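Asks: Just a sequence and a predicted model for now, questions to come.
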Amino acid sequence: MSFLPITKKEMLERGWEYVDFVYVTGDSYVDHPSFGAAIITRVLESKGYRVAVLSQPDWKSDADFLQFGKPRLAFFVTSGNIDSMVAHYTAAKRLRHDDAYTAGGVAGKRPDRAVIVYSNKLKELFPDTPVIIGGLEASLRRFAHYDYWDDKIRPSILIDSKADLLSFGMGENQTIEIADRLNNGESISTMRDILGTVYACPTVETTYEGVECPSYDNVLNSKKEYAKSCRIQQDEQDHIRGRVIKQKHGKTMIVQNKPMPPLTQKELDWVYSLPYTRRYHPSYEALGGVPAIREVEFSITHNRGCFGACNFCSIAFHQGRYVTSRSKKSLLIEAEKLTYMPNFKGYIHDVGGPTANFRKPSCELQEDNGLCKGKKCLAPSPCKNLIADHSEYLDILRELREVKGVKKVFIRSGIRYDYLLQDKDDEFFRELVKYHVSGQLKVAPEHCSAAVLDKMGKPHIKAYIDFSKKYFSFTNDINKEQYLVPYLMSSHPGSTLNDAIELALFLKKNHIRPEQVQDFYPTPGTISTCMFYTELDPYTMEKVYVAKTEHDKALQRALLQYFNPKNQKLVEEALKKANRLDLIGFDKKCLIRPSSKPNQYSNNQSNKQRGNKPYNKSGRKKR
C-alpha cells in the first residue's frame, strides 16, 4: 500500500506526467477511512483515475496550486474533516492555538473559509477547469446561511466560491458519477441531474419540480423568512420522500437535487476495503505526525446516519437520518488488519459511528416512506414504531473480542442511552458494562430542563436517570469501579438563567462535577443555529430566549461549575439576577457560600459545614 502523491516529485516517481484529478484539502494528508479526503481519493483511484492530493496549499501564492499542472478532468476542493472556522475559532470566537488536523498540531496552515479561498484561487489560475466543492464546510453552507463568525447571513457557498458544482453528504456515489461523466466528455455545466449535488443556474432556467424556499434577499431581511427556509431545508433531506429545493439569489437560482441514497451494506463494505495505509503521510513524521489520528487510528466505523437527529448536530443535514451499516465480515477483516499494524497494542478503541449502538433504521416504515417529516424517533419520547434491537451489534462485538491479537474492544464514540433503554433484553447493556467501557462511559444528557431539552431535540432527563441507575447496578454486579461522564451544554437556545440554575441543582443533587462544559456553538446547517439567530423555533414559530452576549453565556457556564472557586463572582451574580438568594449560604441546599455580608441571605448560618462532602474526580461521592 502506498500514499497518493502529494508533490510533483511523487507524481513523477509514479511515472505520471499528468493527473486526472487534484484533490485540494485544508487538512494534512491522512490516509485513514475516518478522514473524508482519504475515502474520496481512494474511491477515485479504485475507479482507475490518477489522483494527486494537494494538502494545505499556501493560499498566499500560486506555486502550490500550479505544481501538478492542469488536471485532465477537474479539481475537488474541501476544507478538511471539519469546518475551517470551527478549526480556527472557539465558541467564544477566540483564536485556537493549535489544529489537530495539521502536522505538528500547528495552527494557521489553512485560511478562514478555506473552500472559498481555495476555489477562487483555482478559478483564477484555471478558469476553464471544473471545480467541485464538498466536505462538511461546503455541505452545511449549501444554502443562504447564518454565519456566526460574521454575525450575518451569507449566500450559498456555491456563489462565494465560484465553483461549478457542490457535492453534499458523504459523497462517494456522486463523486463517481461526476468523474465518469467528465471522463466521457460531458461538460460540468450540463450536470444538473446528479443526486446529492447542488448547482447554480440563471433563474429563467430553473426546473419546475421541487419546492422553493424563501430567497436570499428575503432571509437577509426577515428572520421569520429565514426560519421558514431552514425548516424546508431540514424537512426535505430524505432520500426517499425529499424533494428538489430551490433558493433564489438575485438572478441566480441555487438548486439542490434530492439527496443521494445512502450506501448499501455492500457498497459500505467496499469503501472500507480500499487500500488505506491508515497513517499520515511520512513527510509529517519529523513534525510529530498529525494529532487527529490518535483517537481513530485503531477505531472501526461500523455505521452511518443518525435517526437521533439532535437539533444542535449537523449529522442529519449532512449524513442524513437513515442508518446503514457494514457487514460483520467486513468489520472482522478490518479488525484483523489492525492486529498487523506496528503500533497496535491489542486495543480497538472504538466500534462506532455517529451513534455507536445504531445498526438499522429505527422502524420498518422508513424503507418505503422515508423518515417522518418534522418528527423525531426518540424525542421527546420514543416513537411507538421504534425497533430497539442490539442483538446484531452484540454478536459483532463478541466476535471482535475473539479476533487473535485483540485484547479489548471499547466503545468511545457515544451511545444513545434512551434507545438502549428501549431494548427489553439487557444482554447488550450488561456486556457493554463488562467488556466495552474503559473506566468511564461518555453519554450526552446535555441538560436537565425539559424546556431546554425540547429545544435540543433530546429526551427528558428521566431517561438519563433511569440509564445511570442501571449502569451503576450492572457495574456493581461485576464489582468494577466505572463512571459515567455526562456531556453538558450551556447557553443552548431556550436556556434561561433559571434553566441553568435548575441544571446546577441537578448536578449538585446527583454529585456530578463536570470538568468541562461546552458552550453552544452556532455552526451552519442546524436547527439550533436557526433558533440562535432568529430567536424563533422554526417548527412552531414561537419566540425562543437566547443568551447571546459573552457575559450572559459566562453566567450560565459558571453555574454548571458552581463548585469552582474561580466562578464564585459569576455564580453569585447569576443567582442575584435570578432572585435566587436562597441558594447563597451555608445550608446544604446552597450552591455557593456568600463572598461577603452573610447576614443579607436568608439561610441558617449555623449550618456552616453541612453538605460539604468531598468528591473524587469523576464527581461521585468518596466512600
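Replies: Looks like it came in fine. Residues are numbered from 1 along each chain as shown.

Asks: got the contact list for residue 110?
Replies: 26, 27, 56, 59, 79, 80, 84, 87, 99, 102 (C-beta atoms under 8 Å, 6 or more residues apart in numbering). Bear in mind the C-beta positions are built from the backbone N, C-alpha and C, glycine included.

Asks: Could you do residue 206 as well?
Replies: Residue 206 touches 246, 253, 255, counting by C-beta under 8 Å, 6+ apart.

Asks: Can you tell me which of those is closest to residue 455?
Replies: Closest approach between those and residue 455, by C-beta to C-beta: residue 246, at 28.8 Å.

Asks: State the number of residues packed around that closest one.
Replies: 22 (other C-beta atoms under 10 Å).

Asks: same thing with residue 62?
Replies: By other C-beta under 10 Å, 13 other residues sit near residue 62.

Asks: please begin residue numbering at 798 from this point
Replies: Sure thing, new numbering starts at 798, so read that last one as residue 859.

Asks: wait, doesn't it sit right on residue 919?
Replies: No - using C-beta atoms under 8 Å, residue 859 makes no contact with residue 919, being 10.3 Å away.

Asks: the strands in the stretch 1248-1397 of the chain, which residues?
Replies: Along the stretch 1248-1397 of the chain, counting by DSSP state E, counting those that start in this stretch, strands occupy 1280-1287, 1315-1316.

Asks: Pull up the pairing partners for the shortest one, direction included.
Replies: Okay, so that is strand 1315-1316. strand 1280-1287 (parallel) (DSSP bridges).

Asks: any chance you could map the strands in the stretch 798-947 of the chain?
Replies: 818-822, 827-828, 848-852, 871-875, 928-930, 942-944.

Asks: out of the ones you listed, nearest to residue 1173?
Replies: strand 942-944 (22.3 Å).

Asks: Give me the below-cutoff pLDDT ranges for the protein.
Replies: Within the chain, the stretches with pLDDT under 70 are 798, 1394-1420.

Asks: Which residue comes closest to residue 1296 once chain neighbours are left out?
Replies: Nearest residue to residue 1296, sequence neighbours excluded (C-beta to C-beta, 6 or more residues apart in numbering): residue 1246, at 4.1 Å.

Asks: next one: residue 822
Replies: Residue 822's closest residue in space is residue 834 (C-beta to C-beta, 6+ apart), at 4.6 Å.

Asks: Pretty sure the one you found sits against residue 873.
Replies: No - taking C-beta under 8 Å as the definition, residue 834 is not a contact partner of residue 873, at 9.0 Å.

Asks: what residues do those two have in common as contacts?
Replies: Common neighbours of residue 834 and residue 873 (C-beta under 8 Å, 6+ apart) are residue 820.

Asks: who's more crowded, the two?
Replies: Neighbour tally, residue 834 and residue 873, criterion other C-beta under 10 Å: the higher count belongs to residue 873, 29 against 26.

Asks: which residues touch the more buried one?
Replies: Here residue 873 is in contact with 818, 819, 820, 821, 837, 929, 930, 931, 972 (C-beta under 8 Å, 6+ apart).

Asks: One more pass at 6 Å, please.
Replies: By C-beta atoms under 6 Å, 6 or more residues apart in numbering, the contact set of residue 873 is 820, 929.

Asks: does it have beta-bridge partners, and which?
Replies: Beta-bridge partners, per DSSP bridges, of residue 873: residue 820, residue 929.

Asks: measure it to residue 851 for me?
Replies: 10 Å (C-beta to C-beta, to the nearest Å).

Asks: relative to strand 1280-1287, how tilted is the helix ranked longest in the chain?
Replies: Secondary structure assigned by DSSP state H gives helix 1258-1274 as the longest helix of the chain. Angle, helix 1258-1274 to strand 1280-1287, by axes from the mean of the first three to the mean of the last three C-alpha atoms, to 10 degrees: 160 degrees.

Asks: Go through helix 1258-1274 and flag the buried ones.
Replies: Buried residues in helix 1258-1274, defined by neighbour count with 16 or more other C-beta atoms under 10 Å: 1258, 1260, 1261, 1264, 1265, 1267, 1268, 1271, 1272.

Asks: roughly how far apart are the second one and residue 1219?
Replies: Look at residue 1260 and residue 1219: by C-beta to C-beta, they are 10 Å apart.

Asks: Can you report how many residues neighbour residue 1035?
Replies: Based on other C-beta under 10 Å, the number of other residues close to residue 1035 is 21.

Asks: got a list of what it touches?
Replies: Listed by C-beta under 6 Å, 6+ apart, the contact set of residue 1035 reads 1167, 1168.

Asks: Over to the one 5 residues further on?
Replies: With C-beta under 6 Å, 6+ apart as the criterion, the residues that contact residue 1040 are 1007, 1008, 1033.

Asks: What residues are bridge-paired with the second one?
Replies: Read that as residue 1008. residue 1042.

Asks: separation between it and residue 1301?
Replies: 44 Å.

Asks: Among those two, which residue is more densely surrounded?
Replies: The neighbour comparison of residue 1008 against residue 1301 (other C-beta under 10 Å) goes to residue 1301, with 25 against 13.

Asks: and the more buried one, how far is that from residue 805?
Replies: Residue 1301 is 58 Å from residue 805, by C-beta to C-beta.

Asks: Please name whichever of the strands of the stretch 1248-1397 of the chain is nearest to residue 924.
Replies: Closest among these, once you apply C-beta to C-beta, is strand 1315-1316, at 42.4 Å.

Asks: Measure how far that closest one is from the centre of its chain, please.
Replies: Relative to its chain's centre, strand 1315-1316 lies at 15 Å (C-alpha atoms, centre = their mean, to the nearest Å).

Asks: Ranking the strands of the stretch 1248-1397 of the chain by mean neighbour count, which comes first?
Replies: Scoring those by mean neighbour count under mean count of other C-beta atoms under 10 Å gives strand 1280-1287 as the most buried, with a mean of 20.
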